[in-house]
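A.B. asks: build me a structure from this.
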Amino acid sequence: MASRLEVMDTHAARAFVRTVAGEAGLNPTFSEDTVQPCTNPKTKQIIVTKPQWSWTPEQAAVWRGEILHEAGHWFKGNKDVMQFFLDKNTDMASLYGTLANLFADWVN
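C.D. replies: Residues are numbered from 1 along each chain as shown. The predicted structure follows:
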């Protein structure tokens with residue numbers, strides 16, 4: 001099955017992230033310490049957990065979904081929402097920023 005991470009080699013998994021991130025205008029960084037993908041809105045960098053060969057197909061699907069979700073904040077349409085909050089210097093870790101992020105998730 002093409003949807004299983006096990007059939008992707010490490011280069012293909014990284015290429016997937018680079019493609020999705022690139023289409024959203026983000027630069028991917030792979031990290032062992034990342035719990036789930038996150039984006040630094042100021043540097044336009046998406047920090048992604050390195051794919052693991054020990055993952056089950058379900059874990060791999062969650063990994064891909066989280067990458068698509070995070071990159072989705074920066075695709076056309078949603079990008080305008082996130083840029084608005086950045087232009088207003090919104091602290092995305094604050095309660096207001098969290099609500100703004102939830103709103104952007106809803107738009108996404």
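A.B. asks: list the contacts for Ala104?
C.D. replies: Ala104 sits next to 73, 78, 81-82, 85 when contact means CB atoms under 8 Å, 6 or more residues apart in numbering. In this view, the C-beta of every residue, glycine as well, is placed from N, C-alpha and C.
A.B. asks: could you work out the most separated pair of the residues you listed?
C.D. replies: With CB to CB as the measure, no two of the contacts of Ala104 lie farther apart than Asn78 and Phe85, at 11.3 Å.
A.B. asks: looking at the contacts of Ala104, which is nearest Trp55?
C.D. replies: His73 (24.0 Å).
A.B. asks: next secondary structure after the helix or strand harbouring Arg64?
C.D. replies: Using DSSP states H and E, Arg64 falls within helix 57-72. Downstream of helix 57-72, the first helix or strand assigned by DSSP H and E is helix 78-87.
A.B. asks: so that next one versus helix 57-72, what angle?
C.D. replies: With axes from the mean of the first three to the mean of the last three CA atoms, to 10 degrees applied, the angle from helix 78-87 to helix 57-72 works out at 60 degrees.
A.B. asks: which SSE is immediately downstream of helix 78-87?
C.D. replies: Toward the C-terminal end, the helix or strand that comes next after helix 78-87 (DSSP H and E) is helix 95-107.
A.B. asks: list the buried residues of that next one.
C.D. replies: Neighbour-count burial for helix 95-107 flags 100-101, 104 (criterion: 16 or more other CB atoms under 10 Å).
A.B. asks: and the helix holding Arg64, what does it pack against?
C.D. replies: If you count contacts as 3 or more CB pairs under 8 Å, 6 or more residues apart in numbering; DSSP states H and E, helix 57-72 packs onto helix 10-23, strand 45-49.
A.B. asks: relative to helix 57-72, how tilted is the longest one?
C.D. replies: Orientation note: helix 10-23 sits at an angle of 30 degrees relative to helix 57-72 (the same axes, to 10 degrees).
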